[in-house]
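Novice: Have a look at this prediction, sequence included:
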Amino acid sequence: DDDCVVINNPAGVLTHAQGKFIREATVATFLRSRLKARDLAGERAGIVHRLDRATSGVIICAKNQRALAWLQKQFADRTAAKIYAAVVKGQLRPDAAIIDMPIERNPKAPATFRVGQNGKPAVTQYKTIETSGAYSLLELMPKTGRTHQLRVHLQKLGHPIVGDPLYGEGKYGDRLYLHAEKLRVTLPGGQEKTFTAPLPPEFKAIMKA
């Protein structure tokens, strides 16, 4: 509508450039031609929240400053509800639980994070949707928004996300089996809305393989 645009973002696409010299296409560059408001400018114009480059799925963006502030407040206040799908190694026990483990930056590898007692609070609720023994399809509901939270929590439990080169056995260029499936927000007009990005076909294929 006139306030928002919702995108099913492919895996491998950056949300926005990390520096001025990055030339690749991003969600932010996709938005530029669709932003008519003069109050939005810069490399991150219209960006409400981010997904890791390797993660696919729902992103909501703003078309004007009023909508941007409205939506960003919901993410800051944790009233925006996010549901992810992930394929992990093995089978979790119990089938559903809440993971409550603080996350901190890993000093030995500063680009990564780890569970640590000096970290910031991090809470993830999970539910097993399907299992094949070798793999499990999970529904993940993060209650906090730490960087790499889902990936770190599942690695700590011994069930890393399939294809993860940082926290699992994946290699760079692999498909990370993490997908932002649903996002529930209240739009600037006051209407609560849930947006859904269908599960990628490779998720279903790996569970049958």
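Specialist: Nice, I can see it.
Novice: now this protein, which segments are flagged as low pLDDT?
Specialist: Within the chain, the ranges that satisfy pLDDT under 70 run 18-22, 36-38.
Novice: So which bits of the longest helix anywhere in it are buried?
Specialist: As assigned by DSSP state H, the longest helix anywhere in the chain is helix 65-76. Under the neighbour-count criterion of 16 or more other CB atoms under 10 Å, helix 65-76 has 67, 68, 70, 71, 74, 75 buried. In short, each C-beta sits where N, CA and C put it, glycine included.
Novice: Now find how far off-centre that helix is within its chain.
Specialist: 17 Å (CA atoms, centre = their mean, to the nearest Å).
Novice: Pull out the buried residues from the helix or strand following that helix.
Specialist: On the C-terminal side of helix 65-76, the nearest following helix or strand under DSSP states H and E is strand 81-89. Across strand 81-89, burial judged by 16+ other CB under 10 Å covers 82, 83, 84, 85, 86, 87, 88, 89.
Novice: Give me the residue at the spatial middle of this structure.
Specialist: In the chain, the centroid-proximal residue (CA atoms, centre = their mean) is residue 51; its distance is 4.3 Å.
Novice: That residue: what's it in contact with?
Specialist: 9, 15, 57, 59, 180 (CB atoms under 8 Å, 6 or more residues apart in numbering).
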